[in-house]
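# I would like to see how this sequence folds:
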Amino acid sequence: MATTGPKYHPVATGAATETVQQHQEPEDLTLWAGWFCPFTQRAWIALEEKSIPYKYIEVNPYLKDPGFLAISPKGLVPTLTLPDGRPVNDSLIICEYLEDAHPSSSPLLPKDPYERAQARTWIKHINEAVVPAFFRLLQAQPSEQDKQAKALAELNEALRTVCQKVKGPYFFGEEFGLVDVAIAPWAVRDFIVQEYRGFRRDDVPGWGSWAEALESRGSVARTTSEKERYVEFNQTFLKNEGHSMVGKAARSGRAIE
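The predicted structure is shown next:
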């Protein structure tokens, strides 16, 4: 039986509105997306960064539409469908697919094999440490001061670990890459934990300058909606209502992919 899930604005806003409007015509690739979803934004940034033609389709994953479940069995966004209809699921797998299928178009991974391995190592850290800590902090209630303080410390430490490796302005220096793509949606959204959970960019050396560079990157800015809409959507996390698999994973302490 379909469920409605949390109430949220149904379409992208702000700069992302124009980007959506520019990608309504049929193309070989179709991005099935949720404007509100940081994982969707990863795939969306990669498509924009590499200037790959695509069609954008907004999906409410909470409705569990049978047509969408046919290409995304878990009902999760993002999903990328290929010209023959085959789906590619999971944000980072989509990014890697785009890199493999379009290697000469604004490469997101270094040519050097060692640096490519390092990129994947730090993307793994972002997925397994930074992202879960961010959502645990979102869900830690003001009445749970010890839990909130622990979650804040975990996020600061996870960010501090990766920021120590940033060459600036982006992870590997002047070239924007897949490590930057992996963390950029949380740079866009960290204002929420600043306003509601006591997070401060200045408490993590290097995060402020890296986050600012990420936010101002064209591909990131073009896929970003209005701040108030992100706050509205994230009320489910701020209230620890956990409608999504992400919320449930964060509460249980599992890694989020």
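# and the helices in the stretch 51-200 of the chain, which stretches?
Under the criterion DSSP state H, counting those that start in this stretch, the stretch 51-200 of the chain contains helices at 66-69, 91-101, 113-125, 131-139, 145-163, 178-197.
# just checking, what packs against the shortest one?
In other words, helix 66-69. Here helix 66-69 touches no other helix or strand, going by 3 or more CB pairs under 8 Å, 6 or more residues apart in numbering; DSSP states H and E. All C-beta spots, glycine's among them, are computed from the backbone N, C-alpha and C.
# buried residues in it, which are they?
Buried residues in helix 66-69, defined by neighbour count with 16 or more other CB atoms under 10 Å: Phe68.
# over to the fifth one?
In terms of neighbour count (16+ other CB under 10 Å), helix 145-163 has its buried residues at 148, 151-152, 154-156, 158-159, 162-163.
# avg pLDDT for it?
Averaging pLDDT along helix 145-163 gives 97.
# what lies in contact with that helix?
Residues outside helix 145-163 that contact it (CB atoms under 8 Å, 6 or more residues apart in numbering): 122, 125-126, 129-130, 133-134, 136-137, 139-142, 183, 193, 197-199, 203-207, 210.
# between it and helix 131-139, how many degrees?
Angle, helix 145-163 to helix 131-139, by axes from the mean of the first three to the mean of the last three CA atoms, to 10 degrees: 150 degrees.
# with adjacent residues omitted, what lies nearest to the residue nearest the centre of the chain?
Geometric centre of the chain, nearest residue: Pro38, 2.7 Å, by CA atoms, centre = their mean. Setting aside the residues directly before and after it, Pro38 is nearest to Pro185 in space (CB to CB, 6 or more residues apart in numbering), at 3.4 Å.
# and the residue nearest to the centre of the chain, what are its phi and psi?
The phi/psi pair for Pro38 (degrees, to the nearest 10) reads phi -60, psi -30.
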